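Participant: any chance you could fold what I've pasted below:
(one chain, ligands or ions: 1)
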Amino acid sequence: MIVRITSKFGEVSSIHKTPHTGIDIGLNEGTPLRSVYDGVIKQVYDGSTNIGKGVKIQFKDGTEGIYGHLSEVKVKAGEMVQDGQIIGLSGNTGRSTGEHLHFALKKNGEYIDPSSIVDKTINHSWLDAFIQNGKVGQVEYFNVWEWLGGKVSEVTLNNTVDFIADFTLAFPILTVVSCSVYALINMFSKNAAKWGAIGTIIYGMMIIESG
Ligand SMILES: [Zn+2]
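Facilitator: A predicted model of the protein is given here:
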């Protein structure tokens, strides 16, 4: 799962003429969205307003979470929800220029920056969090896929070892598999072995992403 922040909290742009009340993340339509804490569904938006289909959840501490532009809402007003429970699917409804989730947090009537917990709207897996953000448990504006793209474009036949060494730290299992591929193909050709290992890493990353 790739998370791309398309608009930060407070941003003013051609789309957001007034400071953005939440954070937008680009998501493929149909991505399951989760409650970030225990709470109760305060409101379900039916799709007739700018926010499109969506929900407002009142969390235990009184903070409200607002999810917008969903394709489908899976909860009803008044329903209790648990931390991590799926409340709907992301989409592109309402005033939206592309598939994304608008997520906002309101505390004591004021919108606050939801960046630190926005990854919780997608899932709770540490591996997913890592793949999304390059770090576990917090959102950084670093995307492991961009990093990978940079790495691949840097790779020449002579620094493949550095490339694989970086993966040893980041993705231990992928590294073991790609090193095995390297060892096997190396019997025939050194160059084929290097690119076989890189191909294995990229293929492994694609499997992790789709999983
Ligand atoms: Zn937004």
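Participant: spatially nearest residue to the residue of the chain found nearest the ion (excluding sequence neighbours)?
Facilitator: Nearest residue of the chain to the ion (C-beta to the ion) works out as His102 at 3.3 Å. The C-beta positions use only the backbone N, C-alpha and C, and glycine is treated the same way. Nearest non-adjacent residue to His102, counting by C-beta to C-beta, 6 or more residues apart in numbering: Gly68, 3.7 Å away.
Participant: list the buried residues for the helix or strand where the one you found lies?
Facilitator: Using DSSP states H and E, Gly68 sits in strand 64-73. The neighbour-count check on strand 64-73 (16 or more other C-beta atoms under 10 Å) flags Glu64, Gly65, Ile66, Tyr67, Gly68, His69, Leu70, Ser71, Val73 as buried.
Participant: neighbouring contacts of that strand?
Facilitator: 22, 29-30, 33, 35-37, 39, 42, 44-45, 51-59, 87-94, 96, 100-107, 114, 121 (C-beta atoms under 8 Å, 6 or more residues apart in numbering).
Participant: which residues does Ile23 bridge with?
Facilitator: Bridge pairing for Ile23 (DSSP bridges) gives the partners Phe103.
Participant: in contact with it: list those residues for me.
Facilitator: Neighbour list for Ile23: Ile5, Ser7, Lys8, Phe9, His102, Phe103, Ala104, Asp113, Pro114, Ser115, Val118 [criterion: C-beta under 8 Å, 6+ apart].
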